[in-house]
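Asks: Sharing a model prediction with you, sequence too.
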Amino acid sequence: MATKTALTIIQGKTFKDIIRWETDPIVRKVITGIDLSTGCPRPTVAGHGLPTGWNVAVYNVAQPKEINAQNNPPSEDDFTPATVIDSNTLELNKISAMDWKPYTTGGILMWNTPKDLTGYTFRMKIKNKVGGTVLASSDAADSPLDIIDFAVDNTLKTITRTIADEDTAALAFKTGVYDVEAVSPGGEVTLLLYGSVSVEKEVTT
C-alpha cells in the first residue's frame, strides 16, 4: 500500500532521504536475549537476516517490559530502526535502556519483509497539481527539470532520493504535489509514496 507523506525542501540545501520498501509477509523471530550494557537494548535474534536501518517492533518480552510495543500486535508507531551489530545481534539505538531491569525471558521481533530491488527503477515528478505542470522530475525527457536522482542499494534495501543544493536553490515554486513509482523489470508500476511538497527559504546561505 502506498504511503502518504508530505515533503519539505529547503532552498539551497541538498534534499536527500532514504525510502525503504516494506512488503509482505510479516516476519516474526524469537528473541533469546537482550544486552543492556551499552545503554541501548541489543536483542539477540539468531540469523535475523535484516539490513541495517530496517524498522522492527518488539513484543511479549517478560522483562524488561519497557522494550515492548505499546500495542499487541504492534501498530505503525511502535516500529523503530535497528542497527545490525552482527548476524545474530541488533541494536535499537533510538531507545534508551537506562535503569531497565535485566532481560529474563520471552520476546518476539517483528518486521515487514524488505523488497528485493533487483532490476527495479524508480521515478518521481513534482507538479503544481494532479495532472498539472511538471515542476521537477527524475525523467530525462523533462530536461532541464530532471533534477531528482535515485540510487538503489539492494544489499541494504535502500532507495536514496536526492536533489542537489544548486537545484533546490533554483526552485521557483512554493507548493506542489508528488508521487514516487517503482517500475519492475517486466514493466509493472507500483505507487510507493505520494503527497504534498512545500519549498522553504534557507536561513544560512
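Replies: Received the coordinates, thanks. Numbering: from 1, shown residues only.

Asks: Look up how far residue 49 lies from residue 81.
Replies: Counting by Cβ to Cβ, to the nearest Å, the gap from residue 81 to residue 49 is 16 Å. Just so you know, the C-beta spots here come from the backbone N, C-alpha and C atoms, and that holds for glycine as well.

Asks: mind listing what residue 14 touches?
Replies: 162-165, 168 (Cβ atoms under 8 Å, 6 or more residues apart in numbering).

Asks: Against residue 117, how distant is it?
Replies: Separation of residue 14 from residue 117 (Cβ to Cβ) stands at 23 Å.

Asks: for this structure, longest strand please?
Replies: Taking DSSP state E as the criterion, the chain has its longest strand at strand 189-200.

Asks: got the buried residues for it?
Replies: For strand 189-200, the buried set under the neighbour-count rule, 16 or more other Cβ atoms under 10 Å, comprises 192-194, 197, 199.

Asks: ditto for stretch 55-67
Replies: In stretch 55-67, counting by 16+ other Cβ under 10 Å, buried: 55-61, 63-64, 67.

Asks: From one end of that stretch to the other, what's the distance?
Replies: Taking Cα to Cα, to the nearest Å, the first and last residues of stretch 55-67 lie 14 Å apart.

Asks: measure residue 13 to residue 169 for me?
Replies: Counting by Cβ to Cβ, the gap from residue 13 to residue 169 is 8 Å.

Asks: what residues are shared contacts of these two?
Replies: Any residue near both residue 13 and residue 169 by Cβ under 8 Å, 6+ apart counts here, and that gives residue 202.

Asks: higher neighbour count, the two?
Replies: The neighbour count for residue 13 versus residue 169, taken as other Cβ atoms under 10 Å, is higher for residue 13 (16 against 13).

Asks: is it true that that one touches residue 168?
Replies: Yes - assessed by Cβ atoms under 8 Å, residue 13 is found in contact with residue 168 at 6.0 Å.

Asks: Name whatever forms a beta bridge with residue 199.
Replies: residue 9 (DSSP bridges).

Asks: Do you know the pLDDT at it?
Replies: Residue 199 carries a pLDDT value of 98.

Asks: Then residue 41?
Replies: 98.

Asks: check contacts around residue 37.
Replies: Residue 37 makes no contacts at all, as judged by Cβ under 8 Å, 6+ apart.

Asks: Just the pLDDT for it.
Replies: Value for residue 37, per-residue pLDDT: 96.

Asks: And residue 108, by the same measure?
Replies: pLDDT for residue 108: 98.

Asks: before we move on, what about residue 103?
Replies: With respect to pLDDT, residue 103 scores 98.

Asks: So it, which state does it fall into?
Replies: coil (DSSP: H, G, I helix; E, B strand; the rest coil).

Asks: correct me, but it touches residue 64?
Replies: Yes - using Cβ under 8 Å, residue 103 makes contact with residue 64 at a distance of 6.6 Å.

Asks: Can you list the buried residues in stretch 45-54?
Replies: For stretch 45-54, using 16+ other Cβ under 10 Å, the buried residues are 45, 48, 50, 54.

Asks: ok, back up a step: now the contacts of residue 14 in CSV, with distance to residue 148, pLDDT and neighbour count?
Replies: Formatted as CSV, the contacts of residue 14 follow (distance: Cβ to Cβ, whole Å; pLDDT from 0 to 100; neighbours: other Cβ atoms under 10 Å):
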residue, distance to residue 148, pLDDT, neighbour count
162, 8, 98, 14
163, 6, 98, 21
164, 10, 98, 15
165, 14, 98, 15
168, 11, 98, 19
